[in-house]
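> Need coordinates for the below:
(one chain, ligands or ions: 1)
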Amino acid sequence: MDIRKVGVVGAGQMGNGIAHVMAVAGYDVLLNDINQEALDKGVGVIKSNMDRMVSRDKMTAEDRDAALSRITTTLDLPELGATDLVVESATERETVKQAIFEDLVPHLGPDTILTSNTSSISITRLASRTDRPEKFMGFHFMNPVPVMQLVELIRGIATDKPTYDACLAVVENLGKTAASSEDFPAFIVNRILMPMINEAVYTLYEGVGSVISIDTSMKLGTNHPMGPLELADFIGLDTCLAIMNVLHDGLADTKYRPCPLLTKYVEAGWLGRKTGRGFYDYRGEEPVPTR
Ligand code: NAD
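Numbers count the residues shown, from 1 in each chain. Next comes the predicted model:
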């Protein structure tokens, strides 16, 4: 399977990062979103991230210009039918992802591989609603995509070997490392990470510690580069809540129940860095804890 053209659905924090690394690796990228503002913002983020790499001598100006010229944007999802590989990276909601694949399938060439960057949703279930479960798999990048080394590759029950091998070759072309995970709720990284973040929110909710004392404890006490609440804001609290719900529903164990305080932040629209406020308020010069 010769992959040259990659379609990316969703130009949010993950989608623009995926478009960035694909373009740097030489793939032609077609980036799609439902709103023009998200596309403009996504391309703006890619440009400023590449500019930063040029100013730090991690990339030449010529390579940046060549990579940027390989990225085009579209509001028209069916245009992605002409790509060899689609990486769906829209909002973490199963109905949203299902609708995207449903709308896309009639426009696909026979060999296009479909993948999802979902953090937690069943690959087998998403695949079963397309015409090509054997050519469908999980392609799970970490945030921020240009910096993080790992990609989790998740095979659904029907995924065939050529599809897995083609995705593995893409990961290698990106200069990243793949880890293979079976298709169970939240796969490997988030199965372990999210319960820790959720527990940090419970620790805050129960008054055991403040935002600062919880993050300081985990940074200085366990050598984590970011505290769990800071990390939750970075990931997006809506995404964290969605993953906890998938763990709770999928594994039917009360140990995965989402903390009510996490739900409350999401209800308030305080989703973390991307909305300017979460466990910290980012609207001033320095982040200020909100509790
Ligand atoms: P985000 O909120 O930053 O971006 C989501 C984007 O999807 C938005 O621009 C939105 O307009 C777009 N979108 C929504 N519906 C759409 C549709 N029907 N068609 C096209 N675009 C649509 O979210 P994100 O953090 O980039 O997360 C995207 C995916 O990546 C989710 O599945 C999430 O679980 C996964 N993921 C997130 C992280 C993280 O740390 N945030 C890490 C790994 C994987």
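> Helix or strand: which one has the residue lying closest to residue 258 once chain neighbours are set aside?
In space, and not counting its chain neighbours, residue 258 is closest to residue 244: 3.9 Å by Cβ to Cβ, 6 or more residues apart in numbering. Glycine gets a C-beta too; all of them are placed from N, C-alpha and C. Following DSSP states H and E, one finds residue 244 within helix 237-251.
> before we move on, what about residue 29?
strand 28-32.
> Now tell me what touches that strand from outside.
Contact partners of strand 28-32, identified using Cβ atoms under 8 Å, 6 or more residues apart in numbering, comprise 4-11, 15-16, 19, 22-23, 39, 42-43, 70-77, 79-80, 82-83.
> OK, contacts around residue 73?
11, 30-33, 39, 42-43.
> Spell out which parts of the chain neighbour the ligand.
Contact residues (Cβ under 6 Å from any ligand atom) of the chain with the ligand: 9-15, 32-35, 38, 89-92, 96, 100, 117-119, 140-141, 143, 235-236, 239, 274.
> Any quick ChimeraX command for the buried ones out of these?
Selecting the buried subset of the residues of the chain next to the ligand in ChimeraX, with 16 or more other Cβ atoms under 10 Å as the burial test, is done by:
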select :9,10,11,12,13,14,15,32,33,34,38,89,90,92,100,117,118,119,140,141,235,236,239,274
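> Of the residues of the chain next to the ligand, which belong to strands?
Per DSSP state E, strands hold the following members of these: 9, 32, 140-141.
> how about the helices in the chain?
Using DSSP state H, the helices of the chain run over residues 13-24, 36-55, 61-69, 94-104, 123-128, 161-173, 189-205, 211-222, 228-235, 237-251, 260-268.
> Leaving out sequence neighbours, find the closest residue to the closest residue to the ligand within the stretch 151-291 of the chain.
Of all residues in the stretch 151-291 of the chain, residue 235 sits closest to the ligand, at 3.8 Å by Cβ to the nearest ligand atom. Using Cβ to Cβ, 6+ apart and skipping the chain neighbours, the partner closest in space to residue 235 is residue 143 (6.3 Å).
> okay but that neighbour is in contact with residue 239, surely?
No. The pair residue 143 / residue 239 is not scored as a contact, 9.2 Å apart, by Cβ atoms under 8 Å.
> tally of neighbours for residue 184?
Using other Cβ atoms under 10 Å, residue 184 has 16 neighbouring residues.
> same thing with residue 220?
10.
> List the buried residues for stretch 279-288?
Buried, per 16+ other Cβ under 10 Å, within stretch 279-288: 279-280, 282, 287.
> Most widely separated two among the residues you listed?
Greatest spatial distance among the buried residues of stretch 279-288 (Cβ to Cβ): 279 and 282, at 10.4 Å.
> Please enumerate the shared neighbours of these two.
What both residue 279 and residue 282 touch, as defined by Cβ under 8 Å, 6+ apart, is the set residue 233.
> Now the stretch 1-150 of the chain against the ligand: closest residue?
Residue of the stretch 1-150 of the chain nearest the ligand, by Cβ to the nearest ligand atom: residue 12 (1.8 Å).
> residue contacts, that residue?
Listed by Cβ under 8 Å, 6+ apart, the contact set of residue 12 reads 33, 38, 42, 89-91, 274.
> Would you mind giving both backbone torsions of residue 149?
phi -80, psi -30 (degrees, to the nearest 10).
> Touching, it and residue 176? I think so.
Yes. Here residue 149 lies in contact with residue 176, judged by Cβ under 8 Å, at a distance of 5.7 Å.
> These two: which has the busier surroundings?
residue 176 (17 against 9).
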